[in-house]
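# coordinates for the following, if possible.
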Amino acid sequence: MQSEKKVDLLYIEDNEDFIDFVGIALKKVDHSINYDFVTDGLKAKELLENSAPDSPYKKAKLILLDYNLPGISGMQLLDKIRSETSMKHTPVVVFSSSDNPQDIKNAYHHGANAYVVKPIGMSKLRETIQTVCDFWLHKNQSC
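You can find the predicted model right below:
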């Protein structure tokens, strides 16, 4: 992680293979998207707690958040994000392999802006990343 750079998309995910796949998909979708990732819920919490309000991580335009993370759960981390004044309105898309209706309901209850089930296959992943980025990074008007 490089704190000096601009971060459009912060991806919080523990599966390093999936992180690589999302990185490949992002490059195919839009080379100009600056992204970074964190592989553990506790590390992400510490990063956000220890970053200045104007840090690139707290100014990310979008957070992709895995539901199941080591350290603390994605929902505990989402609660933390929503409690941070500088990130209260940052769009958070829960990006999970779970399609369990209770997990989806729980994510919205904790303040997720959207819930997307991780697709299978690189082509479907690229399409999903394209759709998510088109809306949240290009069309959505943030405050």
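
# in the one helix or strand in the chain whose mean pLDDT sits lowest, what's buried?
Taking mean pLDDT, DSSP states H and E as the measure, helix 41-50 is the helix or strand of the chain with the lowest mean score, a mean of 91. Neighbour-count burial for helix 41-50 flags 41, 43, 44, 45, 47, 48 (criterion: 16 or more other CB atoms under 10 Å). Using the backbone N, CA and C atoms, a C-beta is placed for each residue, glycine as well.

# same check on stretch 63-71?
By 16+ other CB under 10 Å, the buried positions in stretch 63-71 come out as 63, 64, 65, 66, 67, 69, 71.

# now the spatially most central residue of the chain, what are its backbone angles?
Residue closest to the average C-alpha location in the chain (CA atoms, centre = their mean): residue 64, at 1.5 Å. Main-chain torsions, residue 64, degrees, to the nearest 10: phi -100, psi 120.

# residues contacting it?
Residues near residue 64 by CB atoms under 8 Å, 6 or more residues apart in numbering: 9, 10, 11, 12, 13, 22, 93, 95, 132.

# now residue 118
18, 95, 96, 97, 125, 128.

# could you do residue 44 as well?
Counted by CB under 8 Å, 6+ apart, residue 44 has contacts 12, 38, 69, 71, 77.

# let's see that with 10 Å instead.
Taking CB atoms under 10 Å, 6 or more residues apart in numbering, we find residue 44 in contact with 10-13, 37-38, 57, 63, 65-66, 69, 71-72, 74, 77, 80-81.
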